[in-house]
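K.L.:
Need coordinates for the following:
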Amino acid sequence: MNVGGGFGISYTEADTPLPAEEFVRAIVKEIKTYCSQHEMPVPQIWIEPGRAIVGPAGYSLYTIGSRKDLPGYTSYVAVDGGMGDNIRPALYQAEYSAVLADQPLAEPEEKVNLVGKYCESGDILIKNCPLPKNEPGDVVVLLSTGAYGYSMASNYNRNPRPAVVFAEDGQDKLVIKRESYDDLIKNDLKY
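P.N.:
Sure thing, here's the model as predicted:
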């Protein structure tokens, strides 16, 4: 019996996913109880741990392009990606944490809305994102984006998908190249 996707991960400091052992114990208990009540043999039980394996291993890097401050209300920090490469915040209200790449341990100085470039009011990667002082050109890192990011990416508003790079032991390896404009139009036909 495949019980589907399972183990949770911490996307933000507020997340407290159930430890895998407790999660499995609860599922097995319920299945054993059901099987006993219905005089059935207990099946082999499978769970898909994907998110727990790849989620924390992936990061999304964005470059800050612009900033809009609304005094007394909020600030918007726009990056060079968004819902085209990570639809989860818009689709599921998924929450993430972020740091600046060159100062990952810096204390936050403000809360901003980290927004994308896709010309949609829902293109918000993180609402009230705590960040240290930042400026255009800084690289923002969204943490724990390894699960489903690239597989859910699209060419929304005719934008190319980003590259995917693996890093191990201080070495980087390009595994999926960034799409080009030519990639976007290669299937277009003349009419």
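
K.L.:
On the three-state scheme, residue 29 is what?
P.N.:
helix (DSSP: H, G, I helix; E, B strand; the rest coil).

K.L.:
Look at residue 135 and give its secondary structure.
P.N.:
Per three-state DSSP, residue 135 ends up coil.

K.L.:
looking at it, it is touching residue 63, isn't it?
P.N.:
No - here residue 135 lies out of contact with residue 63, judged by CB atoms under 8 Å, at a distance of 11.1 Å. To be clear about C-beta, it is placed using only N, CA and C from the backbone, and glycine gets the same treatment.

K.L.:
measure the residue sitting nearest the centre point of the chain to residue 68 for me?
P.N.:
The chain has residue 145 as the residue nearest its centroid, 3.1 Å off, counting by CA atoms, centre = their mean. With the distance defined as CB to CB, to the nearest Å, residue 145 ends up 24 Å from residue 68.

K.L.:
what does residue 85 give?
P.N.:
Taken as CB to CB, the span from residue 85 to residue 68 is 21 Å.

K.L.:
More neighbours: the two, which one.
P.N.:
residue 85 (23 against 12; other CB atoms under 10 Å).

K.L.:
Shouldn't that one be within a helix?
P.N.:
No - with three-state DSSP as the criterion, residue 85 is assigned coil and is not in a helix.

K.L.:
Tell me which residues touch it, please.
P.N.:
Going by CB atoms under 8 Å, 6 or more residues apart in numbering, residue 85 touches 60, 149-150, 153, 161-162.

K.L.:
What pLDDT is listed against it?
P.N.:
On the pLDDT scale, residue 85 is placed at 96.

K.L.:
what ranges do the strands span in the protein?
P.N.:
Taking DSSP state E, the strands of the chain run over residues 2-5, 46-48, 60-70, 74-79, 98-100, 110-115, 124-131, 139-142, 164-168, 171-176.

K.L.:
so which of those gets nearest residue 39?
P.N.:
Closest approach to residue 39 among the strands of the chain (CB to CB): strand 2-5, 20.9 Å.
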